[in-house]
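Novice: mind looking at a prediction? Sequence and model below.
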Amino acid sequence: MNALIYLTLTRIKNSVRSFFRSPARIVLTVIMGALFATVLLGGAGPAEGARDIAELGAGILALYLLMFFSCAKSGLNNGASFFSMADVQLLFPAPLNPHRVLVYGLVRQLGVTFMVSLFVIYQYGWLHNVYGVGFGGLIGILLGYMLTVFCGQLAAMGIYAWSSGSERRKRVLRTLLYLMTLAVVAGSLYRVPFAQNKLAEAVAGANAEWTNLLPVVGWLRSFALGALCGNAAQMLWGLGLTAAFIALFALLVARLDADFYEDVLVAAETTQSAITAQKEGRAAESAPVRVRVGKTGLRGGKGASAFYFKHRVESRRSRVFLMDMVSLLFLAISCAVAWFTRDSGILPAFLFSLYMMIFGSFTGRWVRELTYPYVYLLPEKPFRKLLMLCAETIVKSAVESVLSMALIGWIVGAPLPLILCCAFTRWCFGLHFIACNVLTDRLFGRLPRAFQVIFFFLMLVLAAAPGAVAAVFAGIFAGLGVGICTAGLWMLAVSALILLLCRNILDNAELNN
Amino acid sequence: MFEIRNLTKRYGKLVANDNISLQVGDGQIAVLLGPNGAGKSTLIKCIAGLLRFEGEITVDGQPNKSLEAKRKLGYIPELPAVYDLLTVWEHLEFIARAYRLENWQPDAEQLLARFELLEKRDALAKELSKGMRQKLSICCALLPRPRALIFDEPLVGLDPHAIKELKKVFLELREAGCAVLISTHMLDSVEDYWDVAHIMVHGRFAATKVNGDGQRGLEELFFEITENAPKGQQGGADAETEESR
């Protein structure tokens, strides 16, 4: 049997075997399956009052464009991770045809991409209820997403192969990539500022005929919309062009740069070091490739507070100042929602801003700190250490809360006291996230990550529920501001209690992993 | 200086350390030898307070998880514990601030000079080689001048100069009256300076040898024990001294 086919089949066989030998993975799969069934059944009824499918088309284009852009951009740094270090060390020196090795890598990557794309199927409930999407349409969106990511990675490999040896080529490609993406965004949205109905204009712009011709993202959006509307010709158009793109890029990488091994090495090493770090219990530092050192020195801290000042230095060098890029993006989305819902007052935008926090990161640097010995060895009180580990995230949450609620309040024209109440409660909600993260780590740190996420959300809801009920009553009887503050005070008290009870998480490394 | 009494460490059904007792006195260098998987690193991590265990560990008479014990204990992990986004000097500043050290700068400079890291003082840890990261990790542990030190495979990845310097540090620590425990499986690296050697097999002490006692060398004894030990043999908490063998 061909060595590459043998390797592929053996890998599949062994992963199936290891799946059945791992009760945790089986339980997790059952839970995920049950969740999917719930989503499927929950959205099984007739979709009443479905919104215009053109909105969904615009959303799909935006999602595919974002994914393709971010995947392809990685080619300017370290290529695409089609191969593991085992492949690099065993396959590359072996007397195998490099083109076959490349095909093996592509097939393997397609499988990996499929697995990470599965989150799309959990969107079925709202997609069905809001846009009347059927199961076939969902699979179309999923396949489109998967192929977009795959093509993005293939493009990254091509970009890396062509530009890795030349800074000038990198600059040219970077400029081209940004310009093309900006051109697409501007071309779709340039009429929006002058339109009466801005949302309708944005949707119409993103669904213009020419957008279907956009390489990969436009083609695959056509494919997904074809699946949604049952238009086989449209599906074939999108799929055919994408298949041609894949064939062309694979050929280009193989022909233009027959020695592609070097081009995937950096990405393989980067991936391997991240995997090794995870296995050794170290969290990989999410630092930019080129770090600007800037001013040196911690500039403060005695005892446990040295951690806080250290985190500030690390965040500065990670180019995370008061708010990271994700938080800024969420702030922009929240402001957009505030603008669209400005007639309903501050409450919808405030609640949406709380909802967006779920997708943000409240793990901060304290989780990474648990993988180093210093926090356990330091002769300081555990509660003080825990507070200082979380201090940077607490400050970040406060800044985000004040900034976002000030902007939202300004957009909807809310009075200052109400804005302050919202900012306070949003900050308390941030504390609640931190506390529930600590609690999850303390109680379920040994479980697989997916389990931890499930328990995290479960605890988040359970601990916040009494406060939410109290807030509704307080809101009804004493006004909106008092209601919002009641929720905040409840979460502040619960968070403080959780952190106090979990202070022994720093007693030894086994209490969290 | 530090003492372990009846320490047992289990991972589920696996007994990684089985009823271990050990004492390392002031001014003594004890080495922990054994094949891969013997339980050396687990024992070291228990002493450092990173793992839960049954039994008792004291540092200068205090439980190892008390603040008093932590002030006196230094731990050098097997994998370098450095922060990618801090410079070399900032690591030492961080340790100095965290341990509330006064006038630490001359000591820090001296440590960096000894381990040939002075030129790298403003370099980020992510830019350092594995050996340099290990040297920095050692400097961080030595800066607070702990009275009891535990080293887990400290020589792995070091260049010849750093190995020579670290061996000198071991001897200086002994001269200064510190208690030192070194876990290693590199027998020849400990030949020059060990006072007492504990050979671990399958989570237990198979033998304890005091330097100068008996006719056989450490290497000969080590191979006799480890190569003749059948799988699953329990060396016994009542570890045999070389005389009794």
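Specialist: In hand now; what should we look at? Just so it is clear, the structure is predicted and the values come from calculations on it, not from any experiment.
Novice: count of residues packed around A:Ile12?
Specialist: Under the neighbour criterion other Cβ atoms under 10 Å in any protein chain shown, A:Ile12 is assigned a count of 11. C-beta here means a position set from N, CA and C on the backbone, and glycine is covered the same way.
Novice: which SSE is it in?
Specialist: Assigning secondary structure by DSSP states H and E places A:Ile12 in helix A:3-20.
Novice: chain center to the helix or strand just after that helix, what's the gap?
Specialist: Beyond helix A:3-20 on the C-terminal side, the first helix or strand identified by DSSP H and E is helix A:23-42. The chain centroid and the centroid of helix A:23-42 are separated by 21 Å under Cα atoms, centre = their mean, to the nearest Å.
Novice: list the helices and strands helix A:23-42 packs on?
Specialist: When contacts are defined as 3 or more Cβ pairs under 8 Å, 6 or more residues apart in numbering or on different chains; DSSP states H and E, helix A:23-42 packs onto helix A:3-20, helix A:124-131, helix A:449-478.
Novice: pull the contacting residues for the nearest residue to A:Tyr131 once chain neighbours are set aside.
Specialist: Closest residue to A:Tyr131 apart from its sequence neighbours, by Cβ to Cβ, 6 or more residues apart in numbering or on different chains: A:Leu56 at 4.7 Å. Each residue near A:Leu56 by Cβ atoms under 8 Å, 6 or more residues apart in numbering or on different chains is listed here: A:127, A:131, A:133, A:228.
Novice: number of nearby residues for A:Val217?
Specialist: Around A:Val217 there are 27 other residues, counting by other Cβ under 10 Å.
Novice: residue ranges with poor pLDDT in chain B?
Specialist: Within chain B, the segments meeting pLDDT under 70 span B:214-215, B:229-245.
Novice: can you give me the neighbour number for the closest residue to chain B within the stretch 101-250 of chain A?
Specialist: Taking Cβ to the nearest Cβ, chain B has its nearest neighbour within the stretch 101-250 of chain A at A:Glu167, 19.9 Å off. By the other Cβ under 10 Å criterion, the neighbourhood of A:Glu167 contains 8 residues.
Novice: contact residues of chain A facing chain B?
Specialist: For chain A, the residues found near chain B under the criterion Cβ under 8 Å from any Cβ of the partner chain are A:280, A:282, A:285, A:287, A:291, A:293, A:296-298, A:300-304, A:306-307, A:309-310, A:313-314, A:317-318, A:372-374, A:376-381, A:507-511.
Novice: buried ones among these?
Specialist: Taking 16 or more other Cβ atoms under 10 Å in any protein chain shown as the criterion, what is buried in these is A:282, A:285, A:287, A:291, A:293, A:298, A:301, A:303-304, A:306-307, A:309-310, A:313-314, A:317-318, A:372-374, A:376-380, A:508-509, A:511.
Novice: the strands in chain B, which residues?
Specialist: Listed in chain order, the strands of chain B (DSSP state E) span B:2-11, B:14-24, B:28-33, B:54-59, B:62-63, B:73-76, B:148-152, B:179-183, B:196-201, B:204-210, B:240-241.
Novice: please apply the same query to the stretch 51-200 of chain A.
Specialist: For the stretch 51-200 of chain A, no strands are identified by DSSP state E, counting those that start in this stretch.
Novice: so where is it shaky, pLDDT-wise?
Specialist: Of all residues in the stretch 51-200 of chain A, those with pLDDT under 70 make up the ranges A:75, A:77-82, A:164-165.
Novice: who in chain B is up against chain A?
Specialist: Going by Cβ under 8 Å from any Cβ, the residues of chain B near chain A are B:45, B:48-52, B:65, B:67-68, B:70-71, B:73, B:75, B:77, B:79, B:81, B:83-87, B:89-90, B:93-95, B:97-100, B:122, B:124, B:126, B:140.
Novice: test my guess that B:Leu86 contacts A:Lys310.
Specialist: Yes - proximity of B:Leu86 to A:Lys310 meets the contact threshold set by Cβ atoms under 8 Å, at 6.8 Å.
Novice: on that earlier part again, and the residue nearest to A:Tyr131, how far from A:Asn231?
Specialist: For A:Leu56, the distance to A:Asn231 equals 15 Å [Cβ to Cβ, to the nearest Å].
Novice: repeat for A:Ala471
Specialist: When distances are taken as Cβ to Cβ, A:Ala471 and A:Asn231 turn out to be 48 Å apart.
Novice: give me the more crowded residue out of the two.
Specialist: A:Ala471 (23 against 14).
Novice: so what's that one up against?
Specialist: When contacts are counted by Cβ under 8 Å, 6+ apart, A:Ala471 touches A:483-484, A:486-487, A:490.
Novice: what's the spacing between it and A:Leu500?
Specialist: A:Ala471 sits 23 Å away from A:Leu500 when distances are taken as Cβ to Cβ.
Novice: swap in B:Gly34?
Specialist: Distance, B:Gly34 to A:Leu500, by Cβ to Cβ: 42 Å.
Novice: between the two, which has more neighbouring residues?
Specialist: Using other Cβ under 10 Å, the more surrounded residue of B:Gly34 and A:Leu500 is B:Gly34, with 26 against 12.
Novice: what sits against the more buried one?
Specialist: B:Gly34 touches B:40, B:185, B:199-201, B:226, counting by Cβ under 8 Å, 6+ apart.
Novice: likewise for A:Thr341?
Specialist: Contacts here follow Cβ under 8 Å, 6+ apart; on that basis A:Thr341 touches A:348-349, A:352, A:412.
Novice: cool, and A:Gly297?
Specialist: For A:Gly297, the contacting residues are A:313, B:90, B:93, by Cβ under 8 Å, 6+ apart.
Novice: which one among the contacts of A:Thr341 gets closest to A:Ser117?
Specialist: Of all the contacts of A:Thr341, the one sitting nearest A:Ser117 is A:Phe352; the distance, using Cβ to Cβ, is 26.1 Å.
Novice: could you find the closest non-adjacent residue to that closest one?
Specialist: If the residues on either side of it in the chain are set aside, A:Phe352 comes closest to A:Val337, at 4.8 Å by Cβ to Cβ, 6+ apart.
Novice: number of residues surrounding the one you found?
Specialist: Applying other Cβ under 10 Å, we find 19 other residues in the vicinity of A:Val337.
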